[in-house]
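[1] Give me a model of this one.
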Amino acid sequence: MKKDTLTYEIDNNLYINLTNRCSNNCEFCVRNHLDSYDGYDLWLEREPTADEIISELKTRDIEKYNEIVFCGYGEPTYRYDVIKDVADYVHAFGAKTRVNTNGQGNRINGKDITADIYKYLDKINVSLNASNAKKYDADCHSEYGEEAFFDMLDFAKKCKEAGANVIFSVVDCIGEDEIKACKHLADSYGIPLRIREMI
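    Below is the predicted model:
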């Protein structure tokens, strides 16, 4: 049996791989196109506990990383309770935390998790990836249908209102016109937009 990859390093950040579950099945997701990501096999045999993640973090020099990022082959907010425990451990070392999320965490958890999210995550990167619900549904294939788009926008808005540092991101493969439309949408929420290269 292979040893699951629980943490992995890229560009002086340390990534934490919590789950392979995701409410989306995005056309451009790396897990649909590559067997591994930057040489790391991120498919999990089972989901790790907070204690297992922290045990592995104890073997790392946490303070050397720019950020500790909750991001793997799934949607991290499925494991929000684990995020909180691990983030508390990481913050004890003065390290910064980030989550890369599809923004559907409130629906996934069946409750509003935005009120205290800023306590655990120093940056929240919400994948926007479309300027309207129809395009989002066509590209991201959420199990929640077009409602997922509005869930995502509401999540980002509530995180910002709670005092969290929120950014939107899009992949460059969606096209120049769509990127411009996403920039206009992000601006209307007062949230910066990051354009990232499709892997």
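
[2] Downstream of the helix or strand containing residue 179, the next helix or strand is which one?
    Using DSSP states H and E, residue 179 sits in helix 176-188. Moving toward the C-terminus from helix 176-188, the next helix or strand (DSSP H and E) is strand 193-196.

[3] That following strand packs against which elements?
    Using 3 or more CB pairs under 8 Å, 6 or more residues apart in numbering; DSSP states H and E, the elements in contact with strand 193-196 are strand 166-171, helix 176-188. Just so you know, the C-beta spots here come from the backbone N, C-alpha and C atoms, and that holds for glycine as well.

[4] residue boundaries of the strands in the protein?
    Secondary structure of the chain (DSSP state E): strands at 7-10, 13-16, 68-70, 97-101, 123-127, 166-171, 193-196.

[5] Save those strands as JSON lines, and put in mean neighbour count and distance to residue 158 too.
    Shown next, in JSON lines, are the strands of the chain (neighbours: other CB atoms under 10 Å; distance: least, CB to CB, whole Å):
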{"stretch": "strand 7-10", "mean neighbour count": "16", "distance to residue 158": "29"}
{"stretch": "strand 13-16", "mean neighbour count": "22", "distance to residue 158": "23"}
{"stretch": "strand 68-70", "mean neighbour count": "26", "distance to residue 158": "18"}
{"stretch": "strand 97-101", "mean neighbour count": "22", "distance to residue 158": "13"}
{"stretch": "strand 123-127", "mean neighbour count": "23", "distance to residue 158": "11"}
{"stretch": "strand 166-171", "mean neighbour count": "22", "distance to residue 158": "9"}
{"stretch": "strand 193-196", "mean neighbour count": "14", "distance to residue 158": "18"}
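
[6] and of those, who's closest to residue 30?
    Nearest to residue 30, of all the strands of the chain, is strand 166-171, at 10.1 Å by CB to CB.

[7] Distance check, the residue lying closest to residue 87 once chain neighbours are set aside against residue 91.
    Distances taken as CB to CB, 6 or more residues apart in numbering place residue 120 nearest to residue 87, at 3.9 Å, with adjacent residues excluded. Relative to residue 91, residue 120 is positioned 8 Å away (CB to CB, to the nearest Å).
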